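[1] Sequence isn't available, so here's the structure alone:
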């Protein structure tokens with residue numbers, strides 16, 4: 001049970017703060033830090049605690065999960081602190097999540113959380129506690145490169161979380177450590193079981209941790225009642241095919257739930273027109289995207305200037321791409337590219353950075369440009 005925290009050969013006299021959500025991953029990260037010889041402090045941010053989340057396990061940073069994190073720290077014999085960041089989380093993640101759906105976009109709250117309350121706020125807290133490093137249970141690798149630390153995919157591709165960390169800055173990467181990046185998940189659970197941690201068999205948290213029942217549309221309606229404005233479903237020529245009960249029920253690429261019978265071929269959601277409250281549908285080939293405009297690009301690739309691949313969804317495979325300013329092009333066309341999602345850029349296993357997808361160009365249009 002060894003992990004390289006990249007703080008030198010002797011960690012005695014070092015202090016590591018571990019971000020603890022109450023799950024098995026962050027618990028094992030804390031255990032590895034404690035066994036390294038460094039003084040280890042567990043920190044949990046209480047991000048929300050409403051309704052069914054209070055008693056639900058696997059929700060991340062609320063209710064039972066905070067109690068689990070405390071129990072793990074007691075078992076390991078390390079200090080544990082809880083900081084209330086609920087209002088900050090609501091403003092920077094939950095409200096933004098609702099507004100994105102209202103605008104016809106598909107948000108990624110996990111990235112927003114990492115960009116804000118988790119990395120930015122925890123970074124400051126760890127510094128205030130005099131830490132030499134902030135460790136998390138994310139499945140990514142921090143590799144020392146010729147120009148400084150680099151962010152790489154996890155050794156276990158099935159667990160890789162690099163897509164959600166594309167916005168990590170160089171300053172943050174200097175301070176962050178990811179002790180689980182080289183481990184498969186079964187090994188992590190085995191370590192937890194060997195140490196007698198009560199979270200060894202705890203289920204993984206769901207992606208949208210603040211939606212207790214998975215019904216994100218209901219949450220958006222609660223926060224933004226106007227989200228259920230009805231509108232038209234139209235084809236690519238503007239011909240009305242039917243009506244819908246709110247854009248929040250649709251995402252780009254969706255086929256089910258359109259309730260459009262009698263069509264000559266299956267139809268998919270091609271884009272969402274928030275201004276006109278319209279759902280634009282078309283055949284599958286219309287989903288092919290040739291280019292996308294990115295905003296807020298974060299580059300941690302140093303002087304890299306070689307071929308890149310891009311990942312446009314968390315479960316997608318990286319595909320060949322080219323970046324020119326804020327325009328990302330896909331020579332072979334790519335499916336599932338949706339405004340509100342992120343395009344993460346790679347050189348083999350290395351994360352070069354990424355940006356937010358603002359708008360897309362159909363493959364045939366991009367090819368003609």
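    Received, thanks. It should be emphasised that the depicted structure is a prediction, and the values quoted were computed from it without experimental measurement.
[2] Residue 177 bridge partners, please.
    residue 135 (DSSP bridges).
[3] That one: neighbour count?
    By other C-beta atoms under 10 Å, 24 other residues sit near residue 177. The way it works is simple: take the backbone N, C-alpha and C, and place the C-beta from them, glycine included.
[4] from memory it sits against residue 142, does it?
    Yes: counting by C-beta atoms under 8 Å, residue 177 does reach residue 142; the two are 6.3 Å apart.
[5] Mutual contacts of these two, please.
    Each of residue 6 lies in contact with both residue 177 and residue 142 under the rule C-beta atoms under 8 Å, 6 or more residues apart in numbering.
[6] The lengthiest strand in the chain - contacts with which helices or strands?
    Assignment by DSSP state E gives strand 350-362 as the longest strand of the chain. On a contact count with 3 or more C-beta pairs under 8 Å, 6 or more residues apart in numbering; DSSP states H and E, strand 350-362 meets strand 148-153, strand 289-299, strand 342-347.
[7] I'd like the ones you listed written out as TSV, with distance to residue 83 and mean neighbour count added.
    TSV is the format used below for those (distance: least, C-beta to C-beta, whole Å; neighbours: other C-beta atoms under 10 Å):
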stretch	distance to residue 83	mean neighbour count
strand 148-153	26	20
strand 289-299	25	19
strand 342-347	27	24
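[8] wait, which of those strands is closest to residue 334?
    Proximity to residue 334 (C-beta to C-beta) singles out strand 289-299 among the helices and strands packed on strand 350-362, at 5.3 Å.
[9] Name the next helix or strand downstream of that closest one, please.
    strand 308-311 (DSSP states H and E).
[10] Pairing partners for that following strand, with directions?
    strand 319-324 (antiparallel), strand 342-347 (antiparallel).
[11] dump the residue contacts of the residue of the chain most remote from its centre.
    In terms of distance from the mean C-alpha position of the chain, residue 262 ranks first, at 38.5 Å (C-alpha atoms, centre = their mean). Taking C-beta under 8 Å, 6+ apart, we find residue 262 in contact with no residue.
[12] How about the one 10 residues further on?
    Taking C-beta under 8 Å, 6+ apart as the definition of contact, the neighbours of residue 272 are 104-105, 247, 250, 252, 278-280.
[13] switch to 6 Å and redo it
    Going by C-beta atoms under 6 Å, 6 or more residues apart in numbering, residue 272 touches 104, 247.
[14] again with residue 81
    Counting by C-beta under 6 Å, 6+ apart, the residues that residue 81 touches are residue 43.
[15] Between the two ends of stretch 285-304, how far is it?
    One end of stretch 285-304 to the other measures 34 Å (C-alpha to C-alpha, to the nearest Å).
[16] I should have written stretch 255-265 there, sorry.
    Using C-alpha to C-alpha, the end-to-end distance of stretch 255-265 comes to 11 Å.
[17] what about the stretch 251-369 of the chain, any weak spots by pLDDT?
    365-369 (pLDDT under 70).
[18] all helices of the chain, in order?
    With DSSP state H as the criterion, the chain has helices at 24-35, 64-76, 86-89, 95-102, 109-113, 122-128, 170-175, 185-194, 216-223, 363-368.
[19] Centre of the chain to the longest one, how far?
    The gap between the average C-alpha position of helix 64-76 and the chain average comes to 24 Å, counting by C-alpha atoms, centre = their mean, to the nearest Å.
[20] avg pLDDT for that helix?
    In this model, helix 64-76 has an average pLDDT of 93.
[21] swap in stretch 146-164?
    95.
[22] ok, now stretch 90-108?
    83.
[23] got the buried residues for it?
    90, 92-94, 97-98, 100-102, 104-108 (16 or more other C-beta atoms under 10 Å).
[24] mind checking how far the residue nearest to residue 201 when sequence neighbours are not counted is from residue 72?
    Nearest residue to residue 201, sequence neighbours excluded (C-beta to C-beta, 6 or more residues apart in numbering): residue 189, at 7.0 Å. Applying C-beta to C-beta, to the nearest Å, the value for residue 189 to residue 72 is 14 Å.
[25] Can you give me the pLDDT of the closest residue to residue 83 other than its chain neighbours?
    What sits nearest to residue 83 in space, not counting adjacent residues and going by C-beta to C-beta, 6+ apart, is residue 45, at 5.4 Å. On pLDDT, residue 45 comes in at 87.
[26] Any idea how many residues pack against residue 45?
    Neighbour tally, residue 45, other C-beta under 10 Å: 25.
[27] Next: residue 335.
    So residue 335, with other C-beta under 10 Å, has 18 neighbours.
[28] ok now do it, which residues does it touch?
    Neighbours of residue 335 in contact, by C-beta under 6 Å, 6+ apart: residue 287.
[29] Also residue 350?
    150, 152.
[30] what bridges to it?
    Counting by DSSP bridges, the residues bridging with residue 350 are residue 152, residue 347.
[31] do you know how far it is from residue 301?
    Going from residue 350 to residue 301 by C-beta to C-beta gives 7 Å.
[32] Minimum distance to residue 210: which of the helices and strands packed on strand 350-362 has it?
    If we rank the helices and strands packed on strand 350-362 by C-beta to C-beta, the stretch that ends up nearest is strand 342-347, at 19.1 Å.
[33] ok, residues contacting that closest one?
    With C-beta under 6 Å, 6+ apart, strand 342-347 has contacts from 108, 111, 163, 166, 294, 304, 308-312, 318, 328, 352-354, 356-357.
[34] Only whichever of the residues you listed are buried, select them in PyMOL.
    This is the PyMOL syntax for the buried subset of the contacts of strand 342-347, where burial follows 16+ other C-beta under 10 Å:
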select buried, resi 108+111+163+166+294+304+308+310+311+312+318+328+352+353+354+356+357
